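Visitor: sequence unknown, structure follows:
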């Protein structure tokens with residue numbers, strides 16, 4: 001009898017250890033374990049300058065595999081950011097909605113403009129506070145010109161390049177007219193993709209979007225009037241909308257990513273966004289000075 005009790009005790013300890021390890025692993029990954037009973041809404045925050053889509057997409061994929069998640073609430077507080085990252089978030093959410101019928105509601109806090117608005121577009125419904133700042137549909141590129149400063153200090157920049165446009169965007173001189181045309185073509189193409197995404201996602205024709213998409217910002221109330229968002233309301237209102245759409249009522253339970261501190265090496269290598277070389281404009285294989293300058297960002 002004692003032997004049997006001892007075996008059961010060992011088994012219980014192993015089960016508890018395995019459960020604890022599982023919970024710890026899920027917390028380290030930034031998502032709580034799926035041990036909830038019943039349905040809940042997964043909250044996906046989009047905050048600050050958008051530099052990388054990696055974390056957002058990873059969270060979306062993890063919660064998509066969670067059987068207790070019946071719907072999603074995008075909690076947006078972002079003025080925008082990198083064009084490619086914003087577009088990647090839009091694409092990931094759009095692709096998810098094409099294969100999954102769980103509802104997605106977006107809510108805009110103080111600001112959800114440019115890339116922040118772009119990321120919200122695939123949602124079933126978009127809400128914002130009446131005074132939220134949204135819109136700012138456009139693309140911007142800023143290229144510093146420090147040529148005069150370098151000359152004052154007697155600094156000369158020698159360039160050896162493989163092609164005419166490889167030095168495009170150098171901070172050591174002004175753009176040539178040809179280079180300006182190349183970059184304007186890039187801006188126009190990226191802008192057109194943004195406009196197409198709005199026309200595809202909202203009940204607006206492309207011509208109607210073009211009228212609105214001159215870079216201007218709108219209050220939440222005004223954005224409802226022109227068709228960029230669906231309604232004004234608080235975060236609780238948006239959560240209630242998601243809850244009703246998911247069949248969970250006005251006050252559904254929620255789950256959201258667990259915040260954790262970066263390790264020293266994650267901070268050093270900047271694994272959650274552009275690397276430090278990119279921030280210096282020195283990425284291998286890219287034109288000099290053009291790293292992370294093409295942005296959907298409210299200015």
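Guide: Right, received. Where do you want to start? Not measured: the values here are computed from a predicted model.
Visitor: so where's this protein uncertain?
Guide: Low-confidence segments of the chain (pLDDT under 70): 1-38, 259-293, 297-299.
Visitor: in it, which spans are helices?
Guide: Listed in chain order, the helices of the chain (DSSP state H) span 2-28, 54-64, 83-99, 115-120, 147-152, 177-201, 206-212, 220-226, 235-245, 264-269, 276-279.
Visitor: what about these, which gets the closest to residue 163?
Guide: Among the helices of the chain, the nearest to residue 163 by Cβ to Cβ is helix 177-201 (11.8 Å). C-betas here are computed from N, CA, C, even on glycine.
Visitor: that closest one packs against which elements?
Guide: If contacts are counted by 3 or more Cβ pairs under 8 Å, 6 or more residues apart in numbering; DSSP states H and E, helix 177-201 sits against helix 83-99, strand 140-141, helix 206-212, strand 294-297.
Visitor: could you dump those into TSV and include distance to residue 230 and mean neighbour count?
Guide: What follows is the helices and strands packed on helix 177-201, written out as TSV (distance: least, Cβ to Cβ, whole Å; neighbours: other Cβ atoms under 10 Å):
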stretch	distance to residue 230	mean neighbour count
helix 83-99	15	19
strand 140-141	27	16
helix 206-212	15	15
strand 294-297	21	24
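Visitor: any chance of the ones you listed in a markdown table, with distance to residue 248 too?
Guide: Output for the helices and strands packed on helix 177-201, formatted as a markdown table (distance: least, Cβ to Cβ, whole Å):
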| stretch | distance to residue 248 |
| --- | --- |
| helix 83-99 | 18 |
| strand 140-141 | 40 |
| helix 206-212 | 33 |
| strand 294-297 | 33 |
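Visitor: what's the closest of those to residue 253?
Guide: Evaluated over the helices and strands packed on helix 177-201, closeness to residue 253 peaks at helix 83-99, with 21.2 Å, by Cβ to Cβ.
Visitor: which other residues reach that closest one?
Guide: For helix 83-99, the surrounding residues in contact (Cβ atoms under 8 Å, 6 or more residues apart in numbering) are 46, 50-53, 56-57, 60, 64, 74, 80, 104, 114-116, 118-119, 121-124, 139, 190, 193-194, 197, 201, 294-296.
Visitor: nearest spatial neighbour of residue 46, chain-adjacent residues omitted?
Guide: Excluding the flanking residues, the one nearest residue 46 by Cβ to Cβ, 6 or more residues apart in numbering is residue 76, at 4.7 Å.
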